[in-house]
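Participant: what shape does this take:
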Amino acid sequence: LSSPDSRVEMKMVHVDGESLGTGIAMAVVDANVEEIIACEFAGNYSHWWRKQSLRSGMTYLDVKHENDHTYYYITTRDLGFFLHPREGRSKLTWMKMEDDRVILDASDTKDVMEEYPLKEGNVLEFAHSVWICERLDPIGEI
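Facilitator: Residues are numbered from 1 along each chain as shown. As a prediction, this is how the structure comes out:
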């Protein structure tokens with residue numbers, strides 16, 4: 001799988017005829033693990049992201065905060081090409097491990113289906129993403 005960024009190594013596995021794919025992306029980032037997760041975690045509901053999301057086919061976006069480590073991410077996307085809109089209901093949770101790794105888990109949830117019911121004709125999408133950020137030994141002045 002080729003990456004649009006030469007600094008990111010990507011791999012993907014897909015079984016023909018199945019709708020499931022598994023991917024792995026690895027990159028070295030010049031930031032500490034807390035900054036990386038904070039940027040991703042908070043970035044999903046920033047004003048900047050809300051504006052950007054409209055340009056990528058997102059027609060609805062809402063965030064419901066559970067606590068400082070968890071929120072629900074509710075979206076609708078228009079894929080075009082005569083496809084039904086896709087709706088997502090994700091629960092994002094982060095935690096710091098004893099070994100200083102930081103984990104961000106974004107997984108499907110039905111916890112908010114009553115409050116955010118699926119609109120008629122739309123398709124509920126499924127995705128699961130896990131980010132694992134770990135420190136590397138410093139190199140030179142970096």
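Participant: just the pLDDT for residue 23.
Facilitator: Confidence at residue 23, expressed as pLDDT, is 84.
Participant: that one: what secondary structure?
Facilitator: strand (DSSP: H, G, I helix; E, B strand; the rest coil).
Participant: ok, it - contacts?
Facilitator: 1, 10-13 (C-beta atoms under 8 Å, 6 or more residues apart in numbering). Yep, even glycine has a C-beta here, placed from its N, CA and C like the rest.
Participant: just residue 88 next, same as before
Facilitator: Neighbours of residue 88 in contact, by C-beta under 8 Å, 6+ apart: 73-77, 108, 124-125, 127.
Participant: shaky segments in the protein?
Facilitator: 142 (pLDDT under 70).
Participant: can you show me the helices along it?
Facilitator: Counting by DSSP state H, one finds helices in the chain at the ranges 33-43, 47-55.
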